[in-house]
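# Got a predicted structure here, sequence first:
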Amino acid sequence: MEFSKYKKTVIACALALGIGVSGGYYFFGGPSHTQQTTVREQTKQSKPITETRNTYVVQAVKESGPAVVGITTQVFQKDIFNRTIYAGEGVGSGVLIDNEGHIVTNNHVVAGAKNGEVTVSLSDGSTVTGTVIGTDSQTDLAVVKIKPPKDIKPIKIGDSDSVQVGEPAIAIGNPFGLEFKGSVTSGVISALARTIDEQGQRFPLIQTDAAINPGNSGGALINADGELIGINSSKISKEGIEGMGFAIPINSAMTIVDSIIKNGKVIRPYIGVWAVDRQTAARNNVSYEGDGLLIVQLDSNGPAAQAGLVEGDTIAQIDGKDITTLLELKEQIDAKSPGDTILVSYTHNGKMKSTKIKLGQAASK
């Protein structure tokens, strides 16, 4: 099979490991920006809320709302003379997850933070300085640390693996800046295990019709019990398409978050393979009709190459599980740890073979 002439194109889009979703955050211009929106919040309750009005949404938001914060990042850029200049402020959302003051947000919300510092706006209206302790561009996740407030109330972590299509979903965040902080939208879980960028996406996403707008990035997607089931990450905003928001499942996110808290970065297993599946090959005019993953390049010093795999081989299974998409490969590898051994079944010159591969280590950027 001739694939070398496609290599440059395919490698660029086969496993470009930065996650391909970003909900965006509200961006304010430089010092000349003067426009401001004022929203009056009505907080006084004149009479007790009735049972009819005290819905699951009200109860869930009361439970989890205080854990959702605003994150403001001063953004600096290089001018044509390579000088660093102030470009404005980006505002996104975050979720307080523990009593130590750790906040989960999106990587793109805190990207470019000067000296690794951001301003965190708490639900009581106060602001504190937060330190970015680690980021992971591949999953668009980051962790910010603040000094724990005296009356800290972190969110309850749910189980995204138990989420069902059709059950209620509630999004909390700061769409369009802090003037709209703590905004709540509700809907349902529209779908599970969604793929929107197979080349860069590292795990399936939760789809919801709860409105997720710019500034909601990094905010909470909670269930009817007020438990965190996802980190809001993107919204499809194309003409004629509405009600399609996406969140990173919290079970997947917490693996990344725990590694950042422990190591300051994500340490993940590494196989050293660049490959394409049938769909990716078709999009890039590569002639491939196989069911597995066609290897288009290997790290010559990586685990797969050291185990004997070569360009043109096709990965069919890992530990006995069929592998037909790039996302399945990433899931199988990410479920392991550096140093673990996996059994890879693959075809070489039309013949099926199996070999054990000891996974290496790759750190996040």
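Nice, I can see it. The structure displayed is predicted, hence computed values, not measured ones.
# Please, where are all the helices along the stretch 1-150 of the chain?
For the stretch 1-150 of the chain, the helices defined by DSSP state H, counting those that start in this stretch occupy 7-14, 56-64, 107-110.
# quick one: which helix or strand includes the nearest residue to Ser190 once chain neighbours are set aside?
In space, and not counting its chain neighbours, Ser190 is closest to Gln207: 4.4 Å by C-beta to C-beta, 6 or more residues apart in numbering. C-beta: built from backbone N, CA, C; applies to glycine. Using DSSP states H and E, Gln207 maps to strand 205-208.
# low pLDDT regions in the stretch 101-250 of the chain?
176-180, 196-202, 234-242 (pLDDT under 70).
# let's see it at 50
239 (pLDDT under 50).
# Quick check: which helices or strands does the helix or strand containing Ile333 pack against?
Assigned by DSSP H and E, Ile333 belongs to helix 326-334. Here helix 326-334 is seen to pack against strand 267-270, strand 273-276, strand 314-318, strand 321-322 when contacts are counted using 3 or more C-beta pairs under 8 Å, 6 or more residues apart in numbering; DSSP states H and E.
# Would you mind giving those strands as JSON lines with distance to Gly302 added?
Formatted as JSON lines, the helices and strands packed on helix 326-334 follow (distance: least, C-beta to C-beta, whole Å):
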{"stretch": "strand 267-270", "distance to Gly302": "7"}
{"stretch": "strand 273-276", "distance to Gly302": "7"}
{"stretch": "strand 314-318", "distance to Gly302": "14"}
{"stretch": "strand 321-322", "distance to Gly302": "21"}
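# could you dump the ones you listed to a markdown table with distance to Asp225, mean neighbour count and mean pLDDT?
What follows is these, written out as a markdown table (distance: least, C-beta to C-beta, whole Å; neighbours: other C-beta atoms under 10 Å; pLDDT from 0 to 100):
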| stretch | distance to Asp225 | mean neighbour count | mean pLDDT |
| --- | --- | --- | --- |
| strand 267-270 | 31 | 20 | 88 |
| strand 273-276 | 40 | 24 | 89 |
| strand 314-318 | 35 | 21 | 94 |
| strand 321-322 | 33 | 12 | 93 |
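# I'd like to know which of those strands is closest to Gln59.
strand 267-270 (37.8 Å; C-beta to C-beta).
# Each with direction, which strands does that closest one pair with?
strand 360-363 (antiparallel) (DSSP bridges).
# pLDDT on the partner strand, on average?
Averaged over strand 360-363, pLDDT sits at 81.
# same deal with stretch 62-81?
Stretch 62-81 shows a mean pLDDT of 82.
# Put the alpha carbons of it into CSV.
The C-alpha trace of stretch 62-81 is given here as CSV (Å, rounded to 0.1, in the frame of the first residue of the first chain):
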residue,chain,number,x,y,z
LYS,A,62,-29.0,26.0,45.7
GLU,A,63,-26.9,23.0,46.4
SER,A,64,-24.2,23.5,43.8
GLY,A,65,-24.4,27.1,42.7
PRO,A,66,-22.0,28.5,45.3
ALA,A,67,-19.2,26.2,44.0
VAL,A,68,-19.3,27.8,40.5
VAL,A,69,-16.9,30.7,40.2
GLY,A,70,-15.8,33.3,37.6
ILE,A,71,-12.2,33.3,36.3
THR,A,72,-10.7,36.5,34.8
THR,A,73,-7.5,36.2,32.9
GLN,A,74,-5.4,39.1,31.8
VAL,A,75,-4.4,38.5,28.2
PHE,A,76,-1.1,39.7,26.7
GLN,A,77,0.0,39.5,23.1
LYS,A,78,3.1,40.3,21.0
ASP,A,79,2.9,43.3,18.7
ILE,A,80,4.7,43.6,15.4
PHE,A,81,7.9,44.6,17.2
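# so how far is it from its chain's centroid?
16 Å (C-alpha atoms, centre = their mean, to the nearest Å).
# longest helix of the chain?
Secondary structure assigned by DSSP state H gives helix 250-263 as the longest helix of the chain.
# Now do it and helix 326-334, the angle between them.
Comparing the axes of helix 250-263 and helix 326-334 via axes from the mean of the first three to the mean of the last three C-alpha atoms, to 10 degrees yields an angle of 40 degrees.
# Give me the helices and strands touching helix 250-263, please.
Counting contacts by 3+ C-beta pairs under 8 Å, 6+ apart, helix 250-263 is packed against strand 102-105, strand 127-136, strand 141-145, strand 227-235.
# That one vs strand 141-145, what angle?
50 degrees.
# quick one: the host helix or strand of Gly187 to chain centroid distance?
Using DSSP H and E, Gly187 falls within strand 183-194. Between the centre of strand 183-194 and the centre of its chain there are 15 Å (C-alpha atoms, centre = their mean).
# Strand partners (parallel or antiparallel) of that strand?
strand 168-173 (antiparallel), strand 205-208 (antiparallel).
# Switch the ones you listed over to TSV, and while doing so, append mean neighbour count and distance to Val188 to every line.
Formatted as TSV, these follow (neighbours: other C-beta atoms under 10 Å; distance: least, C-beta to C-beta, whole Å):
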stretch	mean neighbour count	distance to Val188
strand 168-173	26	6
strand 205-208	25	7
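# Including distance to Gly312, could these go into JSON lines?
JSON lines is the format used below for these (distance: least, C-beta to C-beta, whole Å):
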{"stretch": "strand 168-173", "distance to Gly312": "44"}
{"stretch": "strand 205-208", "distance to Gly312": "32"}
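# what's the closest of the ones you listed to Asn54?
strand 168-173 (14.8 Å).
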